[in-house]
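J.: sequence and predicted structure are below.
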Amino acid sequence: MEILEFGGPAGITGGFEGEAEANRRAAAALPAGSLFATEDDAYRAYLSLLDDGRVTAEELAVQYPDATEEEVAQGLRVAQATYGRAKASKGYRNDERKFFSQRYLDQARKVAELETRAAELEPQFTDPAQERLRRQLIERGLNPDDPYLEFKGTPMYGYARTADRLLDEVAGQELQAATRDQTAVKRLLDQYEASSVEWTVVDLERQLGKVLKGRELESAIAFGLALDRQRSEGVDAPTQATLQAEQVARVEKADARLAALETREAERLNIARVEKDRVARMVDEAATAAASTEARAEEGRKAYQRARASGLTPDQSRQAMRSMFAEPEDAPADLLSGGGVTIDEVVEVAPAPVAPPPAAATPAPAPAPLRLQPLPPPMTQEQAVEVFAPAPSTPAPTPAPTPAPTSVRNVTEMTDQELEALVAGGRP
């Protein structure tokens, strides 16, 4: 009766005991100022966060953004305690059974971790502020991809571009002074290095600006920057074009690795999700099978009780109970299937010979009744000794004339003397 009443997805797994806990939970009001109105509200909120296999205060705070940290912590404790009581008494619905299976919760946590990793691998969305700035630069006629854009509108813009051009032209060879201005710049940098002076572009402008102006000053300072860069990085320092090509190759390689990693993580995530669904189905199927087995056992107990009440013995009652679960015999095979004959085929069948009508059977005579002869009276010990004792050796008597044949009598009709004579070899 309990199984029938609490069957189905909306039924309570724990039967009457679980239903009592569910009713108590629904009627249990929490104190004023709590995060939840009743324990049932706390229970529902806890289950809603268990889809990823765990419940944290941060997840609960997202659902209740206006609650304080203390209210969230207290609400989480109430929800965990309510969940624990429901698990102990099985006071939950059949369709909520998976949230109480540790195997399902472990798989759900694995899926959540893989989803987090997949989200981290996805490229971030373009910052709207950066996009707005790019559009503004383009509207002003500026190239947002210009590597020297930060120096735009300053003398450093020309210095940096010219220095990179000089390094690209020598292509890894030693940069040497080829003009009077470049020689002066080289001597100035040697003095700074000998004196351990940390110079800046402003220092070069102030010293070289005393004798150089305009394009000559820009070229001289650019040479000084290129020479200082080559000294610090070495003669074989790669050119800007080489650096850019290497950077492009690194980006492409990183993108390929990222794409392969995203594909692999996506496959793992799909496998984990499928396993999560399979575990949920297994939990439901196992509970359904257990309920079906219990129902069959209950039917068997009732059948046994009815049989006993009707006056059958225990063995007969058990036999009646087993007959309820006996498998039906296999149905006969279809004559039209598998026998080489189809419905569309026309099979000519010869008419069966007509048998002559059977003759009237003569009734057999009834067998004569058997007559049992009465047993002879028991013999005494002395009679038995006389009967079975060996006869004394005496000369054979002269044969007497053969008497006329007489009728043979039954042994039971003989007297004791006649029987003794018969055993001794004579006739009565």
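T.: Right, received. Where do you want to start? Numbering: from 1, shown residues only.

J.: got the domain boundaries for the protein?
T.: 2-99, 129-238 (automatic domain parsing).

J.: looking at these, which is buried most?
T.: For these, the largest average neighbour count (mean count of other Cβ atoms under 10 Å) is found in domain 2-99, namely a mean of 16. (Glycine included, C-beta is placed from N, CA and C.)

J.: what segments of the protein are strands?
T.: Taking DSSP state E as the criterion, the chain contains no strands.

J.: for it, which helix is longest?
T.: The helix that spans the most residues within the chain, counting by DSSP state H, is helix 240-309.

J.: same for that helix, what does it pack against?
T.: Packing partners of helix 240-309 (3 or more Cβ pairs under 8 Å, 6 or more residues apart in numbering; DSSP states H and E): helix 2-5, helix 102-121, helix 155-170, helix 314-324.

J.: now do the buried residues in the longest one.
T.: What that stands for is helix 102-121. 104-105, 107-108, 110-112, 114 (16 or more other Cβ atoms under 10 Å).

J.: now those residues in JSON lines, with pLDDT and distance to E174?
T.: Shown next, in JSON lines, are the buried residues of helix 102-121 (pLDDT from 0 to 100; distance: Cβ to Cβ, whole Å):
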{"residue": "Y104", "pLDDT": "87", "distance to E174": "70"}
{"residue": "L105", "pLDDT": "87", "distance to E174": "68"}
{"residue": "Q107", "pLDDT": "88", "distance to E174": "64"}
{"residue": "A108", "pLDDT": "86", "distance to E174": "65"}
{"residue": "K110", "pLDDT": "88", "distance to E174": "59"}
{"residue": "V111", "pLDDT": "87", "distance to E174": "60"}
{"residue": "A112", "pLDDT": "84", "distance to E174": "59"}
{"residue": "L114", "pLDDT": "84", "distance to E174": "54"}
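
J.: show me the shaky parts of the stretch 101-250 of the chain.
T.: Applying pLDDT under 70 to the stretch 101-250 of the chain flags residues 121-128, 172, 234-243.

J.: returning to that earlier point: among the domains of the chain, which comes closest to A118?
T.: domain 2-99 (13.7 Å; Cβ to Cβ).

J.: which ones are touching the nearest residue to Y157 once chain neighbours are set aside?
T.: On the basis of Cβ to Cβ, 6 or more residues apart in numbering, the spatially nearest residue to Y157 that is not a chain neighbour turns out to be F151, at 3.9 Å. By Cβ atoms under 8 Å, 6 or more residues apart in numbering, the residues touching F151 are 157, 159-160.

J.: and the gap between F151 and L167?
T.: Distance, F151 to L167, using Cβ to Cβ, to the nearest Å: 17 Å.

J.: quick one on the thing from earlier: can you put the helices and strands packed on helix 240-309 in TSV and add distance to V185?
T.: Below are the helices and strands packed on helix 240-309 laid out as TSV (distance: least, Cβ to Cβ, whole Å):
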stretch	distance to V185
helix 2-5	97
helix 102-121	49
helix 155-170	12
helix 314-324	109
